[in-house]
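Chemist: Would you be able to build a 3D model of this:
(chains A and B)
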Amino acid sequence: GENVEQHPSTLSVQEGDSAVIKCTYSDSASNYFPWYKQELGKGPQLIIDIRSNVGEKKDQRIAVTLNKTAKHFSLHITETQPEDSAVYFCAASKGSGNTPLVFGKGTRLSVIA
Amino acid sequence: GAGVSQSPSNKVTEKGKDVELRCDPISGHTALYWYRQSLGQGLEFLIYFQGNSAPDKSGLPSDRFSAERTGGSVSTLTIQRTQQEDSAVYLCASRLRPVNTEAFFGQGTRLTVV
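Modeler: Predicted structure coming up:
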């Protein structure tokens, strides 16, 4: 089955700096790659996703890149703010119907004011 | 409702007792997932329901765990003879379709086995 590795497990950045979180996946059939943000005491919430037919997607300060050949994708947060502090999860799933979303183990991001 | 609803939000139970956790997905969502999140850990897949298909139970950690989804809507996760290692947050998520769509998560049920 699919296996998703995520690095780093923790990340501290100064406010205003950029943060990058990286994930690799094992199943070349995976074609949907979402990123979730989880704040303390809440369920994860989607912040951005990318499908395998594109290499990059951007939404304001957040961008995701995908390298299908290398089977890795990354989340980039620019101009970080204290409210970006949270746990971030990457995930992967296939286009066929009966496969679950497989998540990485998460990255705890701390933005220091 | 507007989102995925889980109940109870917190559950404390004695070791050896059975517990039932409930998930109300977003209306019309065909896919429903249960995940377990231990303290400071990632999201461990437990079970997946899609429409009328047989559920994918490949993530259930033992035969003490079971789940059902009635009428394609509400789901119940049952843990029998709870153990201390079952203590975790149990998260439910639903998707409109099983592919390439956003998964919406509930707030989770925090289970503590004492």
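Chemist: and chain B, which residues reach chain A?
Modeler: Taking C-beta under 8 Å from any C-beta of the partner chain, the part of chain B that reaches chain A is made up of B:4, B:33, B:35, B:41-43, B:45, B:48, B:50, B:53, B:56, B:58-59, B:91, B:93, B:98-100, B:102-108. The C-beta positions use only the backbone N, C-alpha and C, and glycine is treated the same way.
Chemist: so of the residues you listed, which ones are in strands?
Modeler: B:33, B:35, B:45, B:48, B:50, B:91, B:93, B:104, B:105 (DSSP state E).
Chemist: Tabulate those residues in a markdown table, adding columns for distance to residue A:32 and neighbour count.
Modeler: A markdown table is the format used below for those (distance: C-beta to C-beta, whole Å; neighbours: other C-beta atoms under 10 Å in any protein chain shown):
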| residue | distance to residue A:32 | neighbour count |
| --- | --- | --- |
| B:33 | 14 | 26 |
| B:35 | 17 | 26 |
| B:45 | 15 | 20 |
| B:48 | 15 | 24 |
| B:50 | 15 | 22 |
| B:91 | 19 | 25 |
| B:93 | 14 | 26 |
| B:104 | 15 | 20 |
| B:105 | 16 | 23 |
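Chemist: how about these in a markdown table, adding pLDDT?
Modeler: Listed next are those as a markdown table, based on pLDDT from 0 to 100:
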| residue | pLDDT |
| --- | --- |
| B:33 | 95 |
| B:35 | 97 |
| B:45 | 93 |
| B:48 | 93 |
| B:50 | 90 |
| B:91 | 97 |
| B:93 | 96 |
| B:104 | 94 |
| B:105 | 96 |
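Chemist: how about residue 101, what does it touch?
Modeler: Since you didn't name a chain, this refers to chain A. Counting by C-beta atoms under 8 Å, 6 or more residues apart in numbering or on different chains, residue A:101 touches A:34, A:91, A:92, A:93, B:33, B:45, B:93, B:103.
Chemist: right idea, wrong chain: chain B
Modeler: Contacts of residue B:101 by C-beta under 8 Å, 6+ apart are residue B:95.
Chemist: before we move on, the earlier item: and of the ones in strands among the residues of chain B next to chain A, the nearest to residue A:58?
Modeler: residue B:104 (22.9 Å; C-beta to C-beta).
Chemist: how close does the nearest residue to the closest one once chain neighbours are set aside get to residue B:91?
Modeler: Leaving aside its chain neighbours, residue B:104 sits nearest to residue B:4 (5.3 Å; criterion: C-beta to C-beta, 6 or more residues apart in numbering or on different chains). Going from residue B:4 to residue B:91 by C-beta to C-beta, to the nearest Å gives 9 Å.
Chemist: Need the overlap of contacts for the two.
Modeler: A:43, B:105, B:106.
Chemist: Include distance to residue B:65 when you put those residues into JSON lines, please.
Modeler: Below are those laid out as JSON lines (distance: C-beta to C-beta, whole Å):
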{"residue": "A:43", "distance to residue B:65": "20"}
{"residue": "B:105", "distance to residue B:65": "19"}
{"residue": "B:106", "distance to residue B:65": "18"}
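Chemist: I'd assumed residue A:113 was in contact with residue A:82.
Modeler: Yes: between residue A:82 and residue A:113 a contact is recorded at 5.2 Å, counting by C-beta atoms under 8 Å.
Chemist: between those two, what contacts are shared?
Modeler: Joint contacts of residue A:82 and residue A:113 (C-beta under 8 Å, 6+ apart) are residue A:15.
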